[in-house]
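# I'll drop the sequence and a predicted model, then ask my questions.
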Amino acid sequence: MDDCEVVSIKDNCQDPESTLKQVEIEIRKVTQELQILDGRKVKLVARREKLKDAIQQQKSAKLAKKDWDRQDFSWSKELENIQKTVFKVDKLRAHQLPTMNATMSGVDAILIMPTGGGKSLCFQLPALVSKGITLVVTPLVSLMEDQLMGLRNRGVQAAMLSANSTRDEVNTVHNDMTNANSQLKLVYVTPEKLAKSKRFMSKVQKMHQMGRFARLAIDEVHCCSQWGHDFRPDYKFLGIMRKMFPGTPIIGLTATATSRVIQDVQKILNISGCLILKASFNRPNLFYEVRLKPQSQAECVTQLQHMLEGEFRGKSGIIYTMTIKDAEELVLELRKKGLRVAPYHAQLAAELRSKVHRRWVENEYQAVVATIAFGMGIDKPDVRYVIHHCISKSMENFYQESGRAGRDGEKAQCIVFWRFADLTRQSTMVFTEQTGLENLYGLVSYCIDGVRCRRNIIADHFDERWESSDCGRMCDHCHTPQEHETVDLTTYGEQLLMILGKSASMDQRLTGQKLIDLFMGKGTPKLRVQEAIAKGLRRDRAESIVAFFLIDGFLREDFHFTPYNTISYILPGPKAEAGLAPSNMTIGRVKKLPELEFNSSNECKDNKKTNVDPSTKKRKVDDMLKIKKTDKNTKSSMPKGRNGHLSSREISKVKVNHKVTNNESPKITKTCTSSSKSMIQDSKCDDSESDNDLAGPSKRKRVITIEDSSDASDI
Ligand SMILES: Nc1ncnc2c1ncn2[C@@H]1O[C@H](COP(=O)(O)OP(=O)(O)OP(=O)(O)O)[C@@H](O)[C@H]1O
């Protein structure tokens, strides 16, 4: 389109209306063309980004091909000497030497290694070989303290700076940083300190000018990325370090391995194309297992009691809960049963936390009942079990939390208690995070999967390929192989849509629990739909099906704020809205939990008789398999399309019905502003605080009911 065409529409003074119409037609044409161009631009920009990423990945791949395992670098002898004399480590583990050689060569690198793999040594050892100071950014003060204690015990000069450092401490560290004769080797700082203290940054600059800035090590480097599970805004500041301190190598360390996070981290730190070293995430000594969580709290406590007195008797473990309140209540209940457990969460006073930690390390407590505050820096080698009383918020979280088991390489169990109610408890906490629901659903699909090797599911998540043999029968599914069965869920999908349609027509919203109640023929009678009762379906199966539908997009969660909390309601998902049938679900035919055979120790055998939970007993196949098989002749009183199921039009009737009523009640969907986000977090504090040590100081304090009773002597 050029100017001539625009001016070619001559103003017709006699008939301005017809000219106006012509002009409007032209505007529409121009708008359409602009839209087409915009679309092309968007595609080109995306392509440009992909190509840039590919170029950077090629650079990384080229770097990775170098022989970093060599032992003939100028520093190799000294490195080995310090490794053996100072750190008393005989043999380096896979990826440790390449990482050290790369950073000693001045190459930027990211090391991805599972929890407990030995990442810290990869910057601590080079720090002692290099001239000058290694600056270490660590997100938690407790982590710094642990590392500092370890280093000082080995006679290494290291210091830390945090918001709690005294003026004298700060001055001493600052002086050492710029004193050519100082023996200080490592300085630990929080990202906040780096981002907020101009004085400190000016010292770092001076240190750099003096040639004393040996390297920047960034622990938990995934905290840079919003795609990661622990995003910390202050980590973004680290993006300027590469430009400000050219020639100083950066080394990032993390146990989070998704390629999206790693690529994002490289971009944020301006080290795209750096060397990426990734150790395998397979922890062969961990036995992965999912158990059905009992419905009532009392039953759940009894089950835990059986486990702690039975299969885990005399063994050390961790029980992760979702909230502080859960941890406190569970400790009270378990103590009533005579178990030696203690709570650990971010709202306990620091001294009390250390006390609990110490007593657990010394095996005075058999288990710590903890929120995720009990995490980074926990280095007890003989943790034999990690039980998730509630599902974690992502696969990454689960992997890291469960990874605290078996650090000594001996067998340990990682058990998740799964129940649908916990899905919506978690989803209302995470839905405002950028990928919160996606991450949560990833873990839910691990829990509800009826047949796949659990290790395989974890491997998929971390972009790794593990053969079934890599599992070595070390998960519940591989331990007790099951017959696979593919189940057509179309009828169940139709039934759930009918229930949702009816409640919507009565202006009622349904939570997941209410929907499942109605699906089971229970709940408010006026909302029941006789034809939509899933006869013969076990409740836990129904829960799995509804969870599966959420992951599959056949249903979706819709979040509403009240002054006190956030509620998740269930609605038809995009798939149902589009009139599509749900995917098929694969289930296992025999579910036999492996605890009795796995534990070969005498303790467990002794407890076999008394401690077998009814839900773990082998059931008859018929009893187990209540989900209907695909049956073309299945009769239903529901309106059916030619294929025996609801036609798209019929599904959309339900859908339309639903939509109309929905419009009447304004809903708040997943997208929310930062102010609404803070509102949710505040409102949540009242009844179910999520605990996160990384969450910063804005959290409200509340009365800790069992603060005093964490003394082991009172049980
Ligand atoms: N090559 C090695 N041989 C023996 N022990 C090692 C070796 N490397 C590290 N370790 C030990 O392994 C334990 C875990 O190391 P480290 O704390 O560095 O792991 P990490 O990967 O940083 O774990 P996290 O992700 O939990 O912080 C430590 O006790 C450490 O001393």
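Nice, thanks for sending it over.

# drop to CA atoms for contacts and neighbour counts, all remaining ones
Will do.

# Quick one: mean pLDDT for the longest helix anywhere in the chain?
Determined from DSSP state H, the single longest helix within the chain is helix 16-65. The average pLDDT within helix 16-65 is 91.

# Tell me which other helices or strands that helix touches.
For helix 16-65, the packing partners by 3 or more CA pairs under 8 Å, 6 or more residues apart in numbering; DSSP states H and E come out as strand 275-278.

# Name the strands paired with the strand it packs on and say parallel or antiparallel.
Within its sheet, strand 275-278 is paired with strand 109-112 (parallel), according to DSSP bridges.

# tell me what the next helix-or-strand element following the partner strand is packed against?
Going down the chain from strand 109-112, the next helix or strand is helix 121-129, by DSSP states H and E. Counting contacts by 3+ CA pairs under 8 Å, 6+ apart, helix 121-129 packs against helix 76-85, helix 96-104, strand 133-137.

# Could you verify my assumption that R215 touches I133?
Yes. Checked against CA atoms under 8 Å, the pair R215 and I133 is within contact range at 7.2 Å.

# Helix or strand: which one has I567?
strand 566-572.

# Using PDB, list the CA coordinates for that strand.
In PDB, the C-alpha atoms belonging to strand 566-572 read as follows (Å, rounded to 0.1, in the frame of the first residue of the first chain):
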ATOM      1  CA  THR A 566      -8.100 -18.900  47.700                       C
ATOM      2  CA  ILE A 567     -10.500 -21.600  46.500                       C
ATOM      3  CA  SER A 568     -10.000 -23.900  43.500                       C
ATOM      4  CA  TYR A 569     -13.100 -24.700  41.600                       C
ATOM      5  CA  ILE A 570     -13.300 -27.200  38.700                       C
ATOM      6  CA  LEU A 571     -14.600 -26.200  35.300                       C
ATOM      7  CA  PRO A 572     -14.500 -27.900  31.800                       C
END
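
# buried sites along the helix or strand that that strand is followed by?
Downstream of strand 566-572, the first helix or strand assigned by DSSP H and E is helix 574-577. Residues of helix 574-577 classed as buried by neighbour count (16 or more other CA atoms under 10 Å): K575, A576, E577.

# Kindly reformat those residues as a markdown table containing distance to the ligand and pLDDT.
Shown next, in a markdown table, are the buried residues of helix 574-577 (distance: CA to the nearest ligand atom, whole Å; pLDDT from 0 to 100):
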| residue | distance to the ligand | pLDDT |
| --- | --- | --- |
| K575 | 39 | 92 |
| A576 | 42 | 93 |
| E577 | 43 | 91 |
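
# What about M210, how many residues nearby?
M210 has 14 neighbours, counted by other CA atoms under 10 Å.

# Find the residue ranges of the stretch 301-450 of the chain scoring beneath the pLDDT cut-off.
The stretch 301-450 of the chain contains residues with pLDDT under 70 at 376-377.

# those helices in it, which residues are they?
Along the stretch 301-450 of the chain, the segments classed as helices by DSSP state H, counting those that start in this stretch run 324-336, 350-361, 395-402, 420-430, 436-448.

# re earlier: columns mean pLDDT on top of the helices and strands packed on helix 121-129, output as CSV?
As requested, the helices and strands packed on helix 121-129 are arranged in CSV below (pLDDT from 0 to 100):
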stretch, mean pLDDT
helix 76-85, 96
helix 96-104, 97
strand 133-137, 97
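
# Can you give me the end-to-end span of stretch 501-516?
Distance across stretch 501-516, first residue to last, is 14 Å (CA to CA, to the nearest Å).

# What average pLDDT does that stretch get?
96.

# In contact with the residue nearest to L184 when sequence neighbours are not counted, which residues are there?
Using CA to CA, 6 or more residues apart in numbering and skipping the chain neighbours, the partner closest in space to L184 is Q157 (4.9 Å). By CA atoms under 8 Å, 6 or more residues apart in numbering, Q157 lies in contact with L151, Q183, L184, K185, L186.

# What pLDDT does the model give Q157?
On pLDDT, Q157 comes in at 96.

# same deal with K526?
Value for K526, per-residue pLDDT: 93.

# Next one: it relative to D517, how far apart?
For K526 relative to D517 (CA to CA), the value is 13 Å.

# neighbour-wise, which of the two wins?
D517 (18 against 9).

# Count the neighbours of the nearest residue to the more buried one once chain neighbours are set aside for me.
Nearest non-adjacent residue to D517, counting by CA to CA, 6+ apart: G523, 5.3 Å away. If you count neighbours by other CA under 10 Å, G523 ends up with 15.

# can you check N81 too?
13.

# got it, and D326?
21.

# Could you measure from it over to the ligand?
25 Å (CA to the nearest ligand atom, to the nearest Å).

# what do you get for G239?
22 Å.

# show me the contacts for that residue.
Here G239 is in contact with I268, L269, N270 (CA under 8 Å, 6+ apart).

# Near the ligand, which residues of the stretch 201-350 of the chain are found?
A255 (CA under 6 Å from any ligand atom).

# Comparing the helices and strands packed on helix 121-129, which comes out most buried?
Most buried of the helices and strands packed on helix 121-129, by mean neighbour count (mean count of other CA atoms under 10 Å): strand 133-137, with a mean of 25.

# Can you name every helix or strand that that one contacts?
helix 121-129, strand 186-189, strand 213-219.

# Serialize these to a markdown table and add fields for mean neighbour count, distance to T302 and mean pLDDT.
Formatted as a markdown table, the helices and strands packed on strand 133-137 follow (neighbours: other CA atoms under 10 Å; distance: least, CA to CA, whole Å; pLDDT from 0 to 100):
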| stretch | mean neighbour count | distance to T302 | mean pLDDT |
| --- | --- | --- | --- |
| helix 121-129 | 22 | 42 | 97 |
| strand 186-189 | 24 | 44 | 96 |
| strand 213-219 | 26 | 40 | 96 |
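
# can you redo the ones you listed as JSON lines with distance to K43?
Formatted as JSON lines, those follow (distance: least, CA to CA, whole Å):
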{"stretch": "helix 121-129", "distance to K43": "41"}
{"stretch": "strand 186-189", "distance to K43": "42"}
{"stretch": "strand 213-219", "distance to K43": "35"}
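
# Quick check: phi and psi on the residue of the stretch 451-600 of the chain found nearest the ligand?
Going by CA to the nearest ligand atom, the ligand is nearest to F462 of the stretch 451-600 of the chain, at 15.5 Å. When read as degrees, to the nearest 10, the backbone of F462 gives phi -100, psi 20.

# So it sits against T258, correct?
Yes. Using CA under 8 Å, F462 is in contact with T258, at 5.2 Å.

# I believe A159 is in a strand; please confirm or correct that.
Yes. Judged by DSSP: H, G, I helix; E, B strand; the rest coil, A159 forms part of a strand.
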